[in-house]
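Student: Could you work out the structure for the sequence below:
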Amino acid sequence: MYPGAFRQSQPDKPALIMSDRSFVQTYAELDAAANRFSQALREAGLEPGDHLALCLENHPRYLELLWGCHYAGLIYTAISSRLNSEELAYIVNDCGAMAYITSRSKAEQIADSVPDVTLRLMLDGVIDGFDSYEESVAKYADEPLDARVAGTDMLYSSGTTGLPKGVKLEFVALPLTETRTPVAAVAELLFGLDADSVYLSPAPLYHAAPLRFSMAAQSLGATLVVMEHFDAESFLAAVAEFGITHTQVVPTMFVRFLKLPFDVRTSFDVSSLRYVIHAAAPCPVPVKQQMLDWFGPVIHEYYAGTEGNGFVYCDAESWLSHPGTVGRGLNCTLHIVDNAGDELPIGERGTVYFEGGGTFEYHNDPDKTQKSRHPKGWTTLGDVGYLDDDDFLYLTDRAAYMIISGGVNIYPQEAENLLVTHPDVIDVAVFGVPNDEFGEEVKAVVQPREMPADGDRAAAVERELIAYCREALADIKCPRSVDFRPVLPRHPTGKLYKRLLRDEYWQAAGRSI
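Tutor: Next up is the predicted model:
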C-alpha cells in the first residue's frame, strides 16, 4: 500500500500533522505532492534504481519527499542533519547520489563537495548552486507516473568506529501497487497499526526506525504526528491532545519521562496508547518496570538493525516473566558465538548472530561485510548477549565497548543501567580508560540533575555514585572514578556517542585504542 491508495477513500483525512499544529497535510495533498516530485525526478533523468540523498531536520515536507522518491522507484538515502560538512559530503558521494535535497544550512555546507550530483533542490529558499524545491515541483501535474515501481531506502549505520557504511539491500523493480514498505507488515500484523491508528514519531525521521515506521503508518492509512524535536513533557502532551494509539521510543526517552516531576508526568491522559514500541538499546530493568506500572502492558520491544538481518520481539507479558530480555527471534534463529566462532551453551555471553533473517551488504565495504559473517552464513550486528533456557535473548553490550581490565572482560552496560536509576543522574556513559597496571579501568561520565557547585561537592557525589554501584555489582564492574558534564553527546535517536567520550580520554593520556 501507499498514500495514493487512500486518495479516494479518505482524501481529507490528515496523513501528517506536525505536533505543534504548524502544518497539516491530508492524504489527497500528500499523494499529489509526492506525484509532482516523482514527475520532477523523472524529468531530471532519474530512473528506477538511481540514488537520491536528502538531509533535513524533521521538516513538514519530509514525508512527501520520501514518497516522491518511492513513487519514482529510487533508492533514497536519508542523512543525519547533525553531521558536519565532511561527513555529509562523504555519504552523498559514497551512496552515488544523482540528486540531493536539503535545507539552507546543509546546502551551504556541501555545495562544492558533491560534483556528481546533477539535481540539487533546496527547501525554504535558495543559494547559488541549488534550485527551489517548491518552484521546481509546482510546474508538474499531480498525476502518477506511468508503470510505477517501488523505491527503497539505503540508510547508513552510525557504527561504533570509523566512517558510517550504507546498508545495501537488493533492489528489485517491483510494481508499486504490489509492494509494501519495509516494516508495513510488521507494523500491521504485530503492532495492530491500521487506518484507525494515530502514530506519534518523536525522533529524527532520517533514522531507520522513525523513517520506516512513519512510512508504514501512512501506507496503512493512519494519521502520522511528527515532533520537530523530542521533549518529554511535549511528548506526553501530544499523546493526550491527539489521542495517540501507537508510538515508538528509545529507552533514554523512558528515562526522561521518569525524571519529570511526578505531578507533571501524571497530569497527562495516556490511556489512548495501545502500543508503545521501543528499540535501539536495551532498557534498564527498573526503568521498564516503572514504565509498565505507569502505561500498563502496552509496551512492546524489539531488537533489530538497519541491516534487516533478523527481528527479535518481546511483548509486556513475556518481559514480565523474563525481566531484562529483548525477546525471541521471530523470523530467525539466534546463535551465541565465542571469539573462535564456536557456539556457546545457554547462559554464556558471546556475539549474537542471526540465522535465516534477511541478507545485506555494506556498500563499498566488502571487508566490513565479511566481518559481519560467520562461516556458517549467519550475520551479526556486533552485539554481545546470551540466551536463556526459553530462547529469550538478553543483550549485554556491544563488543566494541567491552573493557578488559587485568584480563577480565567487563561490559559497561551493567553499570550504566544501574547508575541511570540514581535520582540525581540524568544520563551516564561508562567506558574503559587507560590504566598502567591493568590496561584499562572503568570510568563513568555523568550528566547530573544539578552540576556540583565545587570540587568538594563533586567528590562527595562521586563517592555516593560509586558506593551506589557497588551495592549491586562486583567492584570490578563499577567505576573507579566519575566525571560530571552538563550534557552527554547523545544523538536525538537516543544513541550515545560513547566513542567520542572514550577517544577523548585515551587521546588525553597519549594512548591509542
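
Student: C469 should be in a helix, yeah?
Tutor: Yes. Under DSSP: H, G, I helix; E, B strand; the rest coil, C469 falls within a helix.

Student: my read: it touches N417, true?
Tutor: No. Counting by C-beta atoms under 8 Å, N417 is not a contact partner of C469; they are 10.5 Å apart. To be clear about C-beta, it is placed using only N, CA and C from the backbone, and glycine gets the same treatment.

Student: Touching the lowest-mean-pLDDT helix or strand in the chain from outside, list them.
Tutor: The weakest-scoring helix or strand in the chain, judged by mean pLDDT, DSSP states H and E, is helix 104-110 (a mean of 76). Taking contacts as C-beta atoms under 8 Å, 6 or more residues apart in numbering, the residues outside helix 104-110 that touch it are 55-56, 81, 84-85, 88-89, 92, 100, 120, 122, 124-125, 127, 129-130.

Student: got it, and stretch 128-136?
Tutor: With C-beta under 8 Å, 6+ apart, stretch 128-136 has contacts from 40, 61, 101-102, 107, 111-112, 120-123, 125-126.

Student: Now flag whichever of those is closest to R21.
Tutor: Proximity of those to R21 (C-beta to C-beta) peaks at R61, which lies at 16.3 Å.

Student: Can you tell me the closest non-neighbouring residue to the closest one?
Tutor: The shortest distance from R61 to any non-neighbouring residue, by C-beta to C-beta, 6 or more residues apart in numbering, is to L123 (6.0 Å).

Student: Tell me if I'm right that that neighbour and Y62 touch.
Tutor: No. Counting by C-beta under 8 Å, L123 does not reach Y62; the two are 9.5 Å apart.

Student: so which strand or helix has the residue of the chain most remote from its centre?
Tutor: Within the chain, the residue lying farthest from the chain centre (C-alpha atoms, centre = their mean) is D456, at 38.9 Å. Using DSSP states H and E, D456 sits within helix 455-470.

Student: May I see the buried residues of that helix?
Tutor: Going by neighbour count (16 or more other C-beta atoms under 10 Å), the buried part of helix 455-470 is A458, V461, E462, L465, I466, Y468, C469.

Student: does the first one really touch P452, like I thought?
Tutor: Yes. Under the criterion of C-beta under 8 Å, A458 makes contact with P452 at 3.8 Å.

Student: got any residues that touch both of those two?
Tutor: With C-beta under 8 Å, 6+ apart, A458 and P452 have common neighbours F484.

Student: Quickly list what's touching both of L123 and Y62.
Tutor: What both L123 and Y62 touch, as defined by C-beta under 8 Å, 6+ apart, is the set L56.

Student: Could you report the neighbour count for G125?
Tutor: 12 (other C-beta atoms under 10 Å).

Student: For it, give its distance to D112.
Tutor: According to C-beta to C-beta, to the nearest Å, G125 and D112 sit 19 Å apart.

Student: and if you look at E178?
Tutor: On the measure of C-beta to C-beta, E178 and D112 end up 42 Å apart.

Student: residue ranges of the helices in the stretch 1-150 of the chain, please?
Tutor: Taking DSSP state H, counting those that start in this stretch to define them, one finds helices in the stretch 1-150 of the chain at 27-43, 62-71, 85-94, 104-110, 133-138.

Student: just these: most buried one?
Tutor: With neighbours taken as mean count of other C-beta atoms under 10 Å, those reach their highest mean count in helix 62-71, at a mean of 25.

Student: and the angle from that helix to helix 27-43?
Tutor: On the basis of axes from the mean of the first three to the mean of the last three C-alpha atoms, to 10 degrees, helix 62-71 is oriented at 50 degrees to helix 27-43.

Student: For helix 62-71, give me every contacting residue.
Tutor: 2-4, 15-16, 25, 30-31, 33-38, 40-41, 52, 54, 56, 76, 78, 101, 144-145, 148, 150-152, 176, 181, 205, 211, 214-215, 218, 224, 226.

Student: Also stretch 223-230?
Tutor: 13-20, 57-58, 62-63, 197-203, 205, 214, 217-218, 234-235, 238, 242, 244, 253, 492.

Student: Buried subset of the residues you listed, written for ChimeraX?
Tutor: Entered in ChimeraX, the line below selects the buried ones among the contacts of stretch 223-230, by 16+ other C-beta under 10 Å:
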select :14,15,16,17,18,19,57,58,62,63,197,198,199,200,201,202,203,205,214,217,218,234,235,238,242,244,253,492
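
Student: Just the contacts of stretch 223-230: which are in strands?
Tutor: P14, A15, L16, I17, M18, V198, Y199, L200, S201 (DSSP state E).

Student: Give me the distance between the second one and A28.
Tutor: Applying C-beta to C-beta, the value for A15 to A28 is 9 Å.

Student: Determine the set of other helices and strands touching the helix holding D456.
Tutor: For helix 455-470, the packing partners by 3 or more C-beta pairs under 8 Å, 6 or more residues apart in numbering; DSSP states H and E come out as helix 413-419, strand 439-448, strand 481-484.

Student: Who are the packing partners of the next helix-or-strand element following the last one?
Tutor: What it means is strand 481-484. In the C-terminal direction, the helix or strand that comes right after strand 481-484 (DSSP H and E) is helix 498-508. Judged by 3+ C-beta pairs under 8 Å, 6+ apart, the packing partners of helix 498-508 are strand 425-435.

Student: Let me know the average pLDDT across the strand it packs on.
Tutor: Throughout strand 425-435, pLDDT has a mean value of 92.

Student: Report the angle between it and helix 455-470.
Tutor: Going by the same axes, to 10 degrees, strand 425-435 makes 90 degrees with helix 455-470.

Student: distance between strand 425-435 and the chain's centre?
Tutor: 22 Å (C-alpha atoms, centre = their mean, to the nearest Å).

Student: in its sheet, what does it sit against?
Tutor: Looking at strand 425-435 with DSSP bridges, its partner strands are strand 439-448 (antiparallel).
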